[in-house]
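[1] what would the 3D arrangement of this be:
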Amino acid sequence: LKHPRLMHYNRLAALVLLTNAAFLWAAGPPATPTLGHAALANLALAVLVRQQHVINLLFRLATSAPVSWPLKVRWTLGKVYHFGGLHMGGALAGAAWFLVLTVAVTRAGTDLPLITVSWTLLALLALIVATALPPFRSRHHDHFEKIHRFGGWSALALFWTHTLLSGQGPLPLAVLAVVTFSVALPWLRLRKVDVRTERPSPHVALAHFDYGETPFAGSSTAISRSPLKEWHSFANVPAPGRSGFRLTISRAGDWTGSFIDDQPSRVWVKGITTAGVANIEVLFRKVVYVATGSGIGPCLPHLLAAEVPSRLVWATRDPRATYGDALVDEILAVQPDALVWDTSRHGKPDMVRLAHAAYRDFGAEAVICISNKRLTWQVVHGLEQRGIPAYGAIWDS
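    Below you'll find the predicted structure:
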């Protein structure tokens with residue numbers, strides 16, 4: 001049950017699909033209005049569960065459990081960041097319901113404008129779903145992001161048109177209004193802000209922001225140089241007692257490389273500060289943080305805040321030359337017992353073994369891993385097979 005294919009993300013997606021199948025079985029052959037309501041309900045779920053306020057609420061509810069609760073319960077609550085499974089399940093079920101609705105409307109053949117809008121919207125939903133599948137998304141992420149954004153906006157406009165043409169009543173219009181507001185809300189907070197950038201090495205930039213907001217530890221902020229083209233989210237690193245925050249940006253592609261080399265003086269920000277995976281630390285008495293390279297960025301705010309006793313295992317290439325003495329000294333000041341593994345001297349370590357040893361020696365209850373996709377899955381799966389609660393990003397966005 002701890003295999004990655006059975007992770008909570010996939011379980012939630014399956015739960016949504018099974019719920020829809022059970023509704024279809026119980027309701028019998030649905031009428032045309034019911035098909036429309038089912039499609040809209042599922043697509044509303046897909047949109048709203050990605051809304052930043054909803055995400056923060058889910059984290060707040062899940063992490064409100066006291067550490068006195070049984071470990072197995074807290075272990076499951078810690079998987080709250082798998083909420084994207086609801087997004088995927090809702091999108092797939094909504095598209096399926098709309099396919100059946102489109103066929104039904106076409107068979108009726110009495111409303112040509114409605115039929116035209118239905119097939120146009122169905123084609124757009126199929127494109128969005130197809131390009132969101134992992135094979136395309138991982139290889140062409142920039143194209144996926146643009147199709148998801150502009151295709152999603154177009155689909156929302158077509159849903160309004162379809163609902164008005166079909167005359168489904170006030171409830172679908174109210175749901176569409178809520179969904180539209182949810183989509184628009186992050187863009188209502190769009191602004192261009194100053195940024196001061198340090199470059200301790202050609203591999204890393206430390207971006208400093210102080211525009212009137214000090215985000216909470218463990219949150220993330222999306223930034224962009226071209227707001228309609230692409231956005232990149234990074235973990236916020238607020239310093240206790242100081243305003244503003246930092247982002248640790250490592251060279252991992254064209255966009256990050258350009259940011260490090262050009263060091264812009266202003267960038268765009270939008271949306272609401274959003275909770276990240278490491279916020280689940282408060283569910284446990286002690287945690288071990290495992291990071292490689294710039295994965296130290298999402299760990300650092302939690303290490304500085306020291307809300308939960310923690311132990312750091314960090315593997316990176318020549319940490320002082322790459323990240324600068326100031327950052328390394330800041331880490332060691334709050335984590336004097338940290339294991340900092342220099343891969344340029346000692347080679348790549350067995351991170352599962354190091355994580356397990358730190359978990360055992362520190363007496364921790366959970367491990368949080370921030371690394372690349374392959375190594376994160378290796379650590380999380382390797383530890384959970386051994387009965388140890390382990391968490392790491394799931395790259396579902």
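[2] which residues does the helix or strand of the chain with the lowest mean pLDDT contact?
    Among the helical and strand segments of the chain, the one scoring lowest on mean pLDDT, DSSP states H and E is helix 134-139, with a mean of 84. By CB atoms under 8 Å, 6 or more residues apart in numbering, the list of residues contacting helix 134-139 from outside reads Ala130, Thr131, His143, Phe144, Trp395. C-beta: built from backbone N, CA, C; applies to glycine.
[3] by contact count, what packs against the next helix or strand after it?
    Where DSSP states H and E defines the elements, the next helix or strand beyond helix 134-139 is helix 141-166. Judged by 3 or more CB pairs under 8 Å, 6 or more residues apart in numbering; DSSP states H and E, helix 141-166 is in contact with helix 32-48, helix 112-132, helix 134-139, helix 170-188, strand 230-237.
[4] switch to 6 Å and redo it
    The contact analysis (3 or more CB pairs under 6 Å, 6 or more residues apart in numbering; DSSP states H and E) places helix 141-166 against helix 112-132.
[5] report the buried residues of the helix it packs on.
    114-115, 117-118, 120-122, 124-125, 128-129, 131-132 (16 or more other CB atoms under 10 Å).
[6] next one: stretch 8-22
    His8, Tyr9, Asn10, Leu12, Ala13, Val16, Leu17, Asn20.
[7] what of stretch 282-294?
    Buried residues in stretch 282-294, counted by 16+ other CB under 10 Å: Val282, Leu283, Phe284, Lys286, Val287, Val288, Tyr289, Val290, Ala291, Thr292, Gly293, Ser294.
[8] which residues touch the first one?
    Listed by CB atoms under 6 Å, 6 or more residues apart in numbering, the contact partners of Val282 are Thr63.
[9] state whether it is indeed within a helix.
    Yes: counting by DSSP: H, G, I helix; E, B strand; the rest coil, Val282 is part of a helix.
[10] quick one: pLDDT of it?
    You'll see Val282 listed with a pLDDT of 95.
[11] ok, Gln263 - contacts?
    Gln263 neighbours (CB under 6 Å, 6+ apart): Thr197.
[12] run the last query once more with 10 Å
    Residues near Gln263 by CB atoms under 10 Å, 6 or more residues apart in numbering: Val195, Arg196, Thr197, Glu198, Arg199, Ala205, Ala207.
[13] and the two most separated of those residues?
    Greatest spatial distance among the contacts of Gln263 (CB to CB): Val195 and Arg199, at 12.6 Å.
[14] now do the shared contacts for those two.
    Ala205, Ala207, Phe259, Gln263.
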